[in-house]
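Visitor: Could you work out the structure for the sequence below:
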Amino acid sequence: MCARRFLIIIFLLTLLVVAGAFAVFQFGGTVLRQQALPTVPFEAPPAASGPDYVQVDNWLNLPDTVPPGSAEWLPKGIGAEPAGKVEAATFYIHPTTYLQRDRWNALLGDRESQARAQLFVRSQASAFNFTRVYAPKYRQAAFGAFLDSGEDATAALDLAYSDILRAFDRFLLQEPTAPIILAGHSQGALHLTRLLRDRVAKDPALQKRIVAAYVVGWPVSRAADLPAMGLGACRNNLDNRCLVSWQTYAEPANTDLITGAFEKTTGFNGQQRRRQDIICYNPLSGSDDSGVTGEIGNFSRNDGTLVPIDTTLSDANLVQGEVGALCRDNFLLIAGHDDKLPDLGPYVLPGNNYHVYDFALFWANIRADARGRVNAFKP
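Guide: You can find the predicted model right below:
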């Protein structure tokens, strides 16, 4: 019975990370789709029934709460840092954590999905906790919404995004002048791309406040998406008012599922998306590695990977110099020191896709990258 229960948990967690991968949106009638799609039609909730973001309970993390929120966590081995917080605020959107099939959008009172969301806040949003971090709960689309392109799936994603819009508006009321970091992973990154298009690109005053947007684990087209998002691609690790994005694979990498689906879609400006336009930023080098050739060997530039201490994933050690990375063919490829990657867990997707570890692999470098941009920011 214990072994069976373990296998069920692994299956569900695998579905969790698959749900965040762009490619599975196109899987159609596969066995996975049959076993993952919600079993009921999408049912729109009553108007004005969404979360009230004036209420503290509708946030996974807010600044200055007692006790501190999950984003205030720091890993073991981080070392000394400057005291206090800098004058900036972060708006973070968590990835998919709702695994059930009984509805298309999670209820905010669902304990399991909210507990998983808190784990992501702890391991991802914590990279930005030298700022004031805001992380909203939202009626996220169920993982099955990423396995279909029909009306129900589209409605579920639209409902989730409507919550993000209202949470962001509340965030701006709370932070009317501070420099802003935007961050999201997987489903959260998808919603962040729309937020950039709908809010940032249409508000020049807001654009001037953006330190950077970390759109991680979701492909962004430099040609078909970026012109409509209000920000350019970051050229280096001190650039401001710009966007970084990456998707992580180990070698040998098979990215065909991602690129095959991506190239069938239309970008925000109406152009066809192409593989060669996918943005890749390397948090180790602080660039897109244009012109860099040869094997991956920059292990010493990795200031710290989050390596879980136990299976609860509630705590981690910061391990330096064990993972190298290089942007190649528009994806971020990784290698382990002495050809051995640290044991991060069993949730690597087919094709050596390290989607679920996009943040954990480079946690300390993401933190340094963001801090450097804040320090260089000029209003």
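Visitor: In this structure W218 contacts S186, no?
Guide: Yes. Using C-beta atoms under 8 Å, W218 is in contact with S186, at 6.4 Å. Where C-beta positions appear, they are placed from N, C-alpha and C, glycine not excepted.
Visitor: Which residue ranges of the stretch 251-379 of the chain form strands?
Guide: Assigned by DSSP state E, counting those that start in this stretch, the stretch 251-379 of the chain shows strands spanning 305-308, 316-319, 323-328, 331-336.
Visitor: Is it possible to get TSV of the ones you listed that adds mean pLDDT?
Guide: What follows is those, written out as TSV (pLDDT from 0 to 100):
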stretch	mean pLDDT
strand 305-308	94
strand 316-319	94
strand 323-328	98
strand 331-336	97
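Visitor: For L192, which of those is the nearest?
Guide: L192 sits nearest to strand 331-336 of all these, at 18.0 Å, using C-beta to C-beta.
Visitor: can you pull the buried residues of the closest one?
Guide: For strand 331-336, a neighbour-count test (16 or more other C-beta atoms under 10 Å) marks 331-335 as buried.
Visitor: got it, and stretch 272-286?
Guide: Buried, per 16+ other C-beta under 10 Å, within stretch 272-286: 273-275, 277-286.
Visitor: what about I278, distance to A224?
Guide: Separation of I278 from A224 (C-beta to C-beta, to the nearest Å): 10 Å.
Visitor: Near the nearest residue to F268 once chain neighbours are set aside, how many other residues are there?
Guide: Once flanking residues are discounted, F268 sits nearest to A228: 3.7 Å by C-beta to C-beta, 6 or more residues apart in numbering. For A228, the count of nearby residues is 17 (other C-beta atoms under 10 Å).
Visitor: show me what contacts A127?
Guide: By C-beta atoms under 8 Å, 6 or more residues apart in numbering, the residues touching A127 are 183, 359, 363, 366-367, 370.
Visitor: coming back round to it: want to throw the buried residues of strand 331-336 into TSV with distance to A156?
Guide: Output for those, formatted as TSV (distance: C-beta to C-beta, whole Å):
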residue	distance to A156
F331	28
L332	29
L333	33
I334	32
A335	37
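Visitor: Distance check, the residue nearest to F268 against T259.
Guide: 21 Å.
Visitor: what do you get for Q276?
Guide: Taking C-beta to C-beta, one finds Q276 at 10 Å from T259.
Visitor: same thing with S221?
Guide: Taken as C-beta to C-beta, the span from S221 to T259 is 11 Å.
Visitor: Now do the shared contacts for those two.
Guide: I278.
Visitor: out of these two, which sits in the more crowded spot?
Guide: S221 (28 against 21).
Visitor: longest single helix anywhere in this protein?
Guide: Longest helix in the chain by number of residues (criterion: DSSP state H): helix 151-174.
Visitor: Can you name every helix or strand that whatever helix or strand comes next after that one contacts?
Guide: For helix 151-174, the following helix or strand on the C-terminal side (DSSP states H and E) is strand 180-185. On a contact count with 3 or more C-beta pairs under 8 Å, 6 or more residues apart in numbering; DSSP states H and E, strand 180-185 meets strand 89-93, helix 187-195, strand 210-216, helix 363-376.
Visitor: Give me the residues contacting the third one.
Guide: Taking contacts as C-beta under 8 Å, 6+ apart, the residues outside strand 210-216 that touch it are 88, 179-186, 189, 192-193, 196, 200, 230-231, 234, 239-246, 358-359, 366, 370, 373-374, 377.
Visitor: Now K378: closest residue in space, sequence neighbours ignored.
Guide: N240 is the one closest to K378 (C-beta to C-beta, 6+ apart), at 7.3 Å.
Visitor: which residues sit in contact with that neighbour?
Guide: Listed by C-beta under 8 Å, 6+ apart, the contact set of N240 reads 210-212, 373, 376-378.
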